[in-house]
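>>> Sharing a model prediction with you, sequence too.
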Amino acid sequence: MKLQEVFDKALRSVVAQGEPGHDGAGCAYIGTVNGKEVRCALGHLIDNNEVHKVGHINDVVKFMMPRVEEWKTFERALEFLFELRTAHDNAYVSTQRLEAGDWVVDNEEFVKKFKENMKVFANDNNLVFPENI
């Protein structure tokens, strides 16, 4: 798998999902919202049978490292995945609002902000942001 493929999978999966990956309390690799499974950008990169075993970003790195050709060091993989996670998490946090005592997310705004963050991420990592998304 190439870095561009990792980026594309995370981007397309979150956009198709139409909402952030969270568990009601905060960002999560996998969560359930209104009976629907949701995943964050990193959660979409992990196989179904492995995602429940992941508790920390280091677990994601260990899972993904052998699958990505360009990653030669743990540090580079960690940096890339941390920045990818940050693109998702910042979009989630910045689109929350307090409504009747509960935090809610404007999903349309989340997707818009996530795309903006991912455009910056693509530029910073010499990746191509797809035009048809």
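Ah, there it is.
>>> make it CA atoms for all contacts and neighbour counts henceforth
OK.
>>> which residues touch the most centrally placed residue in the chain?
When C-alpha atoms, centre = their mean is applied to the chain, the residue found nearest the centroid is residue 41 (1.5 Å). When contacts are counted by C-alpha atoms under 8 Å, 6 or more residues apart in numbering, residue 41 is found next to 10, 11, 13, 14, 21, 29, 84, 85, 88.
>>> Make a markdown table out of those residues and add secondary structure and pLDDT.
Below are the contacts of residue 41 laid out as a markdown table (DSSP: H, G, I helix; E, B strand; the rest coil; pLDDT from 0 to 100):
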| residue | secondary structure | pLDDT |
| --- | --- | --- |
| 10 | helix | 98 |
| 11 | helix | 98 |
| 13 | helix | 97 |
| 14 | helix | 97 |
| 21 | coil | 93 |
| 29 | coil | 89 |
| 84 | helix | 96 |
| 85 | helix | 95 |
| 88 | helix | 96 |
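>>> Out of those residues, the closest to residue 104 would be?
Comparing the contacts of residue 41 against residue 104 with C-alpha to C-alpha places residue 21 closest, at 13.0 Å.
>>> got the buried residues for the helix or strand hosting residue 115?
Element membership for residue 115 (DSSP states H and E) is helix 107-124. The neighbour-count check on helix 107-124 (16 or more other C-alpha atoms under 10 Å) flags 107, 109, 110, 111, 113, 114, 115, 117, 118, 119, 121, 122 as buried.
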